[in-house]
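Enquirer: Have a look at this prediction, sequence included:
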2 protein chains.
Amino acid sequence: MLDVKSVNEVIEIINQHFSGYTLESEEIGIEDAVGRITTEDLIANEDIPGFNRSSVDGYAVISRDTFGASEALPAQLFLAGEVKMGEKPQFSLKPGQAAYVPTGGELPGNADAMVMIEYTEDFNDGFIYINKASAPGNHVVFKGDDIRTGKVVIPSGTYVRPQEVGMMAAMGYPRIRVQRRLCVGIVSTGDEIVSIDAQPSGSQVRDINSYALYAGLINCGARPKFFGVVKDDFESIRKTVEEALKVSDVVLISGGSSVGNRDETYKVITSLGLPGILVHGIAVKPGKPTILGKVENKAVVGLPGHPASAYSIFRVFVCHLLRVMCGQSKENSPVMIAEMSCNYPSNNGREEFLPVKLEESAGKLSAHPVFGKSGLISMLTEANGYIHISRGSEGVNQGEKVQVVLWR
Amino acid sequence: MLDVKSVNEVIEIINQHFSGYTLESEEIGIEDAVGRITTEDLIANEDIPGFNRSSVDGYAVISRDTFGASEALPAQLFLAGEVKMGEKPQFSLKPGQAAYVPTGGELPGNADAMVMIEYTEDFNDGFIYINKASAPGNHVVFKGDDIRTGKVVIPSGTYVRPQEVGMMAAMGYPRIRVQRRLCVGIVSTGDEIVSIDAQPSGSQVRDINSYALYAGLINCGARPKFFGVVKDDFESIRKTVEEALKVSDVVLISGGSSVGNRDETYKVITSLGLPGILVHGIAVKPGKPTILGKVENKAVVGLPGHPASAYSIFRVFVCHLLRVMCGQSKENSPVMIAEMSCNYPSNNGREEFLPVKLEESAGKLSAHPVFGKSGLISMLTEANGYIHISRGSEGVNQGEKVQVVLWR
């Protein structure tokens, strides 16, 4: 019998064993940095903005000159000049003076506030009439208000989104250092598995899992590599996994669905080195016959053979493993809120990641469990995502609001 | 004054004007197909499975031979043989016979059910003893149960997830036809904008938007192309946008934040051809000064200058535009459920996409509005996502559950 672990125990084992994994860094252009993880603190080498900047079109003023100004009694200020976009003003304001500054332009010296053009009048008499008082700092972003010199703006270990790319541009970093991508080898096993361009005969089936995993790994930001289909015997599997481990951080063994095949995977991991097997069976539906092992500091995962089970385990556990190996802390998945279309009983003692199909009608999103015999591959594409039904749960009732994690 | 449109009006205008856009197709390997959109119906050329398949390790039986069987009174069946993984059984069952079949193996002829090995006994006397009755179809996936020959399994226009890649593998399609990616040109305008490797002087700022947009476009599956930074005058902008339109499906004009700059963008779009301007201003915070135009069948978008505003408009409207141009119907975004950390009043009459920072403590996720003067670029990276506050809303109360769309 398997020494079956709970979902949380497996997550904990992954955190414990793979948190310290180190990945070398490489230099790339920031336009390619989205989805990568930084390996250096990006520090502001200058104040941003580097000057007192107007955030409106209007007139720079010394704010106390405008105190008490109103439409009935405007403040009359001498028009000292105009600041052009992108240019440094060559003058400072003296008391009683104002100057035109466009949005994004620099305030002249001594100016401490802006008045929006809507609250001013210009009669071309050399003066500008201010109809509204402006407090110090109004509509102004002062030098360094946004980012101050020396600040660690993007710390090492940051997952780069488009926004961070924008920030790198703002700070003047055209190239940065990031972790290299995780290399993940995919080994397909099973006497019945044939290549996808072959015509299966007898009870042969094409190699579905390798391709679904390959695509899933690309979505996770990893660099997948196929190691082909191998027969269901110890020596063939061992030789291929050993070869894969030389150039991979993680090896996924997938394909065979027979008990014999899982036994070989177990023996192969054990034979490759210490610490060996960490998890042999997870109390989860689908995907119970999952194996997690560690060979030196690398991870080897034996996935269940059924495509829908293999992909579910991949999304929940392998994606977490990859994040942990990249030094990324636990990430909660965004969800779709939907209404359950029927009652669904719990699986006493076994957590479930129930595949559901989402359907929208009249603006209401409903979640329909995707039922089907074990091993149907059509379950893979029918489901939009899954609901996590915990061990303690009494199941889900029709009409109940559920959180659907999208499968992609 | 701008003829400001509501969020829904703009979405409707996008749907109306850009739904029929056609993109040529190209052939690619399925390992590269994730995130692409298919342009041909993928039809099953054979039944899947192509044989009656066992989903357990055990014995194939003619189910009626097991009716009434129990531990007290097992059914005694003659062991007719063993089926090996991946092989076609060379025999059929006769009444009173059983045969061993592994998970995934093919049932011999006449067998219509499986009995799990746990419910059988083998005393090596040439018979197998069945302790539990099995109904027709038990633990069997019949030929074509999963997918039947001739079925359109993946219709043209499907967005390819890893699961569809697995399904393509199952059906024996190593290569498929997909839409080419949308080409999106990025034009940066503004007298104050300098290249990201330049040292800004005076009130110059580096070209943030081009890079954030470039990265965001990659995340959307588009093919972005930089067209450089151009000065804030009609002729320069027109020339560059015209050049960009020749090789792009969409052109994003970004950078300048002054009113003058927006005026030039408006004039340039109008000058390039019909139908011209579709939207000039959106009743939304942030991002009111957004322009959407159409030149022949292509889209030109004038984005607000402030990076946080530009990115917000990009996520909400440009990403929708790109989906529509790819023939993808409206996609609801998955969300994080969080608790609002403070009261936030509504923006009477103007919808708001409020940037928030997510913080987890004691397993509770809370959403903190990211406040800051207009134009602060640090708002970009501080926020994890946004809350959509609709026009009719009275705002959000502290402690209220909110749905946060992640910004990435």
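Expert: On my side now, so go ahead. Numbering: from 1, shown residues only, chains lettered A, B, ... in the order given.
Enquirer: Could you pull up the residues touching the residue of the stretch 301-408 of chain A found nearest chain B?
Expert: Taking Cβ to the nearest Cβ, chain B has its nearest neighbour within the stretch 301-408 of chain A at residue A:334, 3.7 Å off. Yep, even glycine has a C-beta here, placed from its N, CA and C like the rest. For residue A:334, the contact set (Cβ atoms under 8 Å, 6 or more residues apart in numbering or on different chains) comprises A:405, A:406, B:333, B:334, B:335, B:336, B:405, B:406.
Enquirer: Can you name the next helix or strand after the helix or strand where residue A:176 lies?
Expert: Per DSSP states H and E: residue A:176 is located in strand A:175-179. Sequence order places strand A:183-189 as the next helix or strand after strand A:175-179, per DSSP H and E.
Enquirer: so where's the stretch 251-400 of chain A uncertain?
Expert: A:255-262, A:330-331, A:374-375 (pLDDT under 70).
Enquirer: in it, which spans are strands?
Expert: Counting by DSSP state E, counting those that start in this stretch, the stretch 251-400 of chain A has strands at residues A:275-280, A:284-285, A:291-295, A:298-302, A:335-340, A:351-361, A:364-369, A:385-389.
Enquirer: What residues of the longest one count as buried?
Expert: Judged by neighbour count (16 or more other Cβ atoms under 10 Å in any protein chain shown), strand A:351-361 contains these buried residues: A:351, A:352, A:353, A:354, A:355, A:356, A:357, A:358.
Enquirer: tally of neighbours for the spatially closest residue to the fifth one that is not a sequence neighbour?
Expert: Excluding its sequence neighbours, the residue lying closest to residue A:355 (Cβ to Cβ, 6 or more residues apart in numbering or on different chains) is residue A:383, at 3.5 Å. Counted with other Cβ atoms under 10 Å in any protein chain shown, the neighbours of residue A:383 add up to 25.
Enquirer: Surely residue A:383 and residue A:371 touch.
Expert: No - using Cβ atoms under 8 Å, residue A:383 makes no contact with residue A:371, being 10.7 Å away.
Enquirer: rewinding a little: would the strand holding residue A:176 count as contacting chain B?
Expert: No - applying Cβ under 8 Å from any Cβ of the partner chain, one finds strand A:175-179 separated from chain B by no less than 9.2 Å.
Enquirer: which residues in the stretch 101-250 of chain A form strands?
Expert: A:113-116, A:120-121, A:127-130, A:140-141, A:152-154, A:175-179, A:183-189, A:193-194, A:205-206, A:223-230, A:250-254.
Enquirer: could I get those as CSV with distance to residue A:27 and mean neighbour count?
Expert: Converted to CSV, the strands of the stretch 101-250 of chain A look like this (distance: least, Cβ to Cβ, whole Å; neighbours: other Cβ atoms under 10 Å in any protein chain shown):
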stretch, distance to residue A:27, mean neighbour count
strand A:113-116, 41, 23
strand A:120-121, 50, 17
strand A:127-130, 51, 21
strand A:140-141, 32, 24
strand A:152-154, 15, 18
strand A:175-179, 5, 19
strand A:183-189, 18, 25
strand A:193-194, 40, 24
strand A:205-206, 40, 26
strand A:223-230, 17, 18
strand A:250-254, 24, 28
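Enquirer: Let me have the ones you listed in a markdown table, adding distance to residue A:278 as columns.
Expert: A markdown table is the format used below for these (distance: least, Cβ to Cβ, whole Å):
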| stretch | distance to residue A:278 |
| --- | --- |
| strand A:113-116 | 62 |
| strand A:120-121 | 71 |
| strand A:127-130 | 72 |
| strand A:140-141 | 52 |
| strand A:152-154 | 34 |
| strand A:175-179 | 24 |
| strand A:183-189 | 18 |
| strand A:193-194 | 26 |
| strand A:205-206 | 29 |
| strand A:223-230 | 22 |
| strand A:250-254 | 13 |
